[in-house]
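Peer 1: Curious how this folds, go ahead:
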Amino acid sequence: MTEVDQTQHHHGYINRKDDYLKRLRRIEGQARGLQRMVEEEKYCIDILTQVAAMTRALESFSLGLLEEHLSHCVVGAARAGDAEAREKVDEAMAAIARLVRS
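Peer 2: Residues are numbered from 1 along each chain as shown. Below you'll find the predicted structure:
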């Protein structure tokens with residue numbers, strides 16, 4: 001793949017990769033905090049409060065990534081107007097369905 005091809009086929013989130021990595025590190029820290037709370041036998045409601053915070057953080061991360069996918073990958077495929085467009089829309093719909101079910 002040539003250098004030009006690589007710039008045209010990068011993932012939509014690439015411009016915000018550092019932001020996404022920071023968010024994931026925070027979520028990782030929340031998971032370690034939850035482990036610590038269980039090890040230290042903290043109060044159930046306090047643990048559940050932290051689980052809810054971590055869940056919201058993951059949902060926010062997922063929605064941001066989904067937005068990047070829709071605005072970059074799906075729009076790009078739609079502009080091309082070929083079978084890839086339908087495939088990208090189907091992928092996005094499946095991802096949305098998984099997020100809604102979780």
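Peer 1: all strands for the chain, in order.
Peer 2: Secondary structure of the chain (DSSP state E): no strands present.
Peer 1: Tell me which residue lies nearest the centroid of it.
Peer 2: Nearest to the mean C-alpha position of the chain, by C-alpha atoms, centre = their mean, lies Ser62 at 3.1 Å.
Peer 1: Quick one: neighbours of Arg25, just the number.
Peer 2: When neighbours are defined as other C-beta atoms under 10 Å, Arg25 has 10 of them. Bear in mind the C-beta positions are built from the backbone N, C-alpha and C, glycine included.
Peer 1: next one: Glu28
Peer 2: Other residues close to Glu28 by other C-beta under 10 Å number 11.
Peer 1: cool, Val74 as well?
Peer 2: Other residues near Val74 number 20, with proximity taken as other C-beta under 10 Å.
Peer 1: Go ahead and confirm it touches Glu87.
Peer 2: No - Val74 is beyond contact range of Glu87, at 9.8 Å (criterion: C-beta atoms under 8 Å).
Peer 1: If I look at the residue nearest to the centre of the chain, what pLDDT would I see?
Peer 2: At Ser62, the model reports a pLDDT of 92.
Peer 1: contacting residues around the closest residue to it other than its chain neighbours?
Peer 2: Leaving out its chain neighbours, the residue that sits closest to Ser62 by C-beta to C-beta, 6 or more residues apart in numbering is Leu99, at 5.6 Å. Contact partners of Leu99, counting by C-beta atoms under 8 Å, 6 or more residues apart in numbering, are 59, 62-63, 66.
Peer 1: Which of these fall within helices?
Peer 2: Judged by DSSP state H, the subset of the contacts of Leu99 located in helices is 59, 62-63, 66.
Peer 1: Neighbour count says what about those? Which are buried?
Peer 2: Buried subset of the ones in helices among the contacts of Leu99 (neighbour count, 16 or more other C-beta atoms under 10 Å): Leu66.
Peer 1: Which helix or strand in this structure has the lowest average pLDDT?
Peer 2: Counting by mean pLDDT, DSSP states H and E, the chain has its least confident helix or strand at helix 3-8, which shows a mean of 42.
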